[in-house]
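Novice: have a look; sequence and predicted model below, questions after that.
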Amino acid sequence: MTDVPSREKVLRGLFWKLMFRGRAAHDAASHKRRRQKNLGLTLAVYGVFGLFPALAAFWCQPLAFASSLHMITLLFASLTLAGSVGTMLFVREEAEILLHRPVAAAELLRAKCAVLVTFSLLLALALNAIGLVTSFWNKGNTPFFAIAHVFTTLLLMLFSAALIVLVYNVCLRWFGRERFENLLTLLQTLMAIVMIVGVQIMPRLLDNEALRGIDPKSTLALLAPPVWFGAIDVLLCGAMPVGQVWLPAAIGAGATALTTWLAFVKLGSSYGVGLLAIGESSSPAPERMQQRRLPSLVARAPLRWWLRDPVERQAFLLTSAYLVRDRETKLKLYPSLAPLLVLPVMAVFGPGGRGDEAARVTGMSTFALAYAAIIPIQAMVLLQRSEHWRAADSFRFTPVPHWGPLFHGARKAIVCWLAVPATVVLAGVLAALRGGWTPVLMALPAVLTVVVCSWVPGLFSVWLPLSKPNEAYQVQALGCLVFGGVMFAAMAFGGLAAWMDHLGFFWPFLVVGLGTALLLQQWFARIVAARLWRTAVD
Amino acid sequence: MISIRGLTKAFGGTIAVDALTLDVPPGQILGLLGPNGAGKTTTLKMLTGMLAPDTGTALICGVDIHTHPLEAKRLLGFVPDSGAVYEALTGLEFLLMVAALYGIGEKEARPRIRQFLDFFDLDEVTLGGKLLGAYSKGMRRKIVITAALLHNPKVVLLDEPLDGLDANAAVGFKALLESLAKDGKTIVYSSHVLDVVERVCHRVAIIDKGKLLVDGVPAELITQHGALTLEELFTRLCGITGAAARAAEFAKTLLP
């Protein structure tokens, strides 16, 4: 039996494959090709992102340069790692596949983390590739910096993986499955936001005079993980005296050792309990409460008036339930929508945005709110796909004469619970940050845009909620064209609203906009009605 | 063999399995019966080491599953009722991965897989090229059964194993179980399909609310309790009385 690989090696091979393949795909060979292409593209994009800190080599001292490289690594590679860990660590039904076989829970955890660390290390190396080259021009640095930096990047990835695993394991222990799933969604949403904010502020931070030279003994440096690992870099390559950087370097090494021990040794054996808990059915009490709340809301005005068609009402309930209860839906929906809300806010504070001239605020608020038009389309694209896609057969074998009510029910749920509240929140945030009522005023045409845009996914093909596998083929080019067109139209409408406001015709414009929105919806309703149900069955 | 002593598991205030004591000798097929929520799956999960009992012990061929889980797990094969597999792997990748977890290398695993392929009439091209997510329910079930038996375990635990299998495969599988029992394997067969259990199993244990109600040879149990069939005995023990009358009444009152 000499050709038998160790269990951990087998598991590492398994999780590496699973990381790149979808669940509901058909052909293994096509996946291999797509995997290589996607990985290559991702590494290239990360390489480009690495350009910003790499340029810091020309004006920063070695510790600041090393820390900036670790900062961007922490921002991108570690957050990608954090985003993947939750979905990889806690796969529903995995307990039923593996835990009755001779595999220890700690082995499973180690194998998964090894795969995640390897993957994030690849990303980290792509991010740092240009920096490793420019390090040779870094004033005061030594030629050994590149070797030391590869080692500390590995250390940083290990620290990140251990910390994330530790947080997830502790949360699962303390909060139970249902709260854990919400926490997972919240964490991933926050990570997406941090990444977007990071991309926006990184170039400005690197431009900051104060960061060009870091005092390794300052409190801020001792609390910042990028400085810890930067200190290990300069310590190993001898770019700075040991006496100056030993403390942050020791904190970095100690923190890595401690978190690794806690995550993989101390709590590693309890990982199996968490894996089983994820597969368990939820406790009956909160489920009953949720079941009561949603139908009673729908049974009352104004939702009762808005959802007169019973099929539409049920599609509304189905979509609403998935928005709130389904782990997979929540994990893919909210983290992908969060950047859509954060980007416009960041844009308002863009370069040169320190002045608060009224026209600029109006223009940027209009842009920001027009961005909200993407929310219903993005949400509907994501909600068309689900791991429970086979259940959509029930729409087809029941005598429903047309797919329209199913589309409208889901569309209305997204408008009601996501798109309109998101627009209002965005307007509120912008108003609070910039002062004045302009963003709130601009939210009114934005709400009209959002409602009209929610029809878009149903204009090009039959749209059923949760009816396609996550890996189903989609025409990317058409999608981009539609997104681009919608963005352009939404911004044009927003811009027009801002101009009318400037001329003092905002309210008449809004009335005209309302009329146009109603007419457009009439037209869209005809398009939807004209596309027959048979297309869906075919 | 399997030896269970005082196995107990509670979830919050609900006792799922209540001081269960059972022995299943080699060469015997035990049918584990019970209504929904009786504690069958919890018992099987404790026997496979997936769930730790609150009290009691479970020995697989003399090895305690909870103190020596890896040694005990090597001795058993389990077919879960969920039929869960990694859908992003091909059938062949999945089976080779499972074989490796039991210490069986690819060279040794391939002829074993070939045997099961022939037995279940599975197509080699599909097994190697198609991902499990695209398999039919029956094909997936065949893969799960193959994965449970590939390492030739001494103890086989089956939770609704026939679910999704076509009639031919089901007949073949039942015959396979009998052959495995003759070879000295210990088999626990949990199912709701009473006539299959009656035909396949040497012995049945009926549990309800986590407690063992009866345990014995089906024919003897039926005689002892004055029932005509295993189904009648089961419904009587589990408190399901007058099912036919209730169904007739229900059908009459069905709204148009």
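Specialist: Alright, I've got the coordinates. Numbering: from 1, shown residues only, chains lettered A, B, ... in the order given.
Novice: can you tell me the SS state at whatever residue of the stretch 301-450 of chain A ends up closest to chain B?
Specialist: Residue nearest to chain B within the stretch 301-450 of chain A: residue A:387 (9.3 Å; Cβ to the nearest Cβ). Every residue, glycine included, has its C-beta placed from N, CA and C. Of the three states, residue A:387 takes coil according to DSSP: H, G, I helix; E, B strand; the rest coil.
Novice: doesn't residue B:207 lie inside a strand?
Specialist: Yes: checked against three-state DSSP, residue B:207 lies within a strand.
Novice: without its sequence neighbours, what residue ends up closest to it?
Specialist: Among residues not flanking residue B:207 along the chain, residue B:34 sits closest, at 4.3 Å (Cβ to Cβ, 6 or more residues apart in numbering or on different chains).
Novice: isn't that neighbour right up against residue B:43?
Specialist: No: taking contacts as Cβ atoms under 8 Å, residue B:34 lies outside contact range of residue B:43: 9.1 Å.
Novice: sorry, back to before: check which helix or strand covers the closest residue to the residue of the stretch 301-450 of chain A closest to chain B other than its chain neighbours.
Specialist: Leaving aside its sequence neighbours, residue A:387 sits nearest to residue A:328 (Cβ to Cβ, 6+ apart; 5.3 Å). For residue A:328, the host element (DSSP states H and E) is helix A:327-348.
Novice: what confidence value was assigned to the most centrally placed residue in chain A?
Specialist: Nearest to the mean C-alpha position of chain A, counting by Cα atoms, centre = their mean, stands residue A:335 at 3.3 Å. pLDDT for residue A:335: 80.
Novice: got it, and residue B:44?
Specialist: 93.
Novice: same question for residue A:437.
Specialist: 77.
Novice: over to residue A:198?
Specialist: We have a pLDDT of 67 for residue A:198.
Novice: again with residue A:122
Specialist: Looking at residue A:122, its pLDDT stands at 89.
Novice: so residue A:465 sits in a helix?
Specialist: No: looking at residue A:465 with three-state DSSP, it is coil, so not inside a helix.
Novice: any idea how far it is from residue B:122?
Specialist: Separation of residue A:465 from residue B:122 (Cβ to Cβ, to the nearest Å): 35 Å.
Novice: looking at these two, which is more packed in?
Specialist: Ranked by neighbour count (other Cβ atoms under 10 Å in any protein chain shown), residue A:465 and residue B:122 place residue A:465 first, with 24 against 20.
Novice: please list all residues in contact with that one.
Specialist: The contact partners of residue A:465, by Cβ atoms under 8 Å, 6 or more residues apart in numbering or on different chains, come to A:315, A:318, A:319, A:322, A:383, A:384, A:392, A:406, A:407, A:409, A:410.
Novice: ok, the fourth one - how many residues close by?
Specialist: For residue A:322, the number of neighbouring residues by other Cβ under 10 Å comes to 20.
Novice: ok, and the closest non-adjacent residue to it?
Specialist: Nearest to residue A:322 is residue A:329, by Cβ to Cβ, 6+ apart, at 4.6 Å.
Novice: okay, and residue A:254 sits in which element?
Specialist: Going by DSSP H and E, residue A:254 is part of helix A:242-260.
Novice: tell me which parts of the stretch 301-450 of chain A are close to chain B?
Specialist: Where proximity means Cβ under 8 Å from any Cβ of the partner chain, the stretch 301-450 of chain A presents no interface facing chain B.
Novice: could you list the low-pLDDT ranges of the stretch 301-450 of chain A?
Specialist: Filtered on pLDDT under 70, the stretch 301-450 of chain A yields the residue ranges A:347-365, A:368-369.
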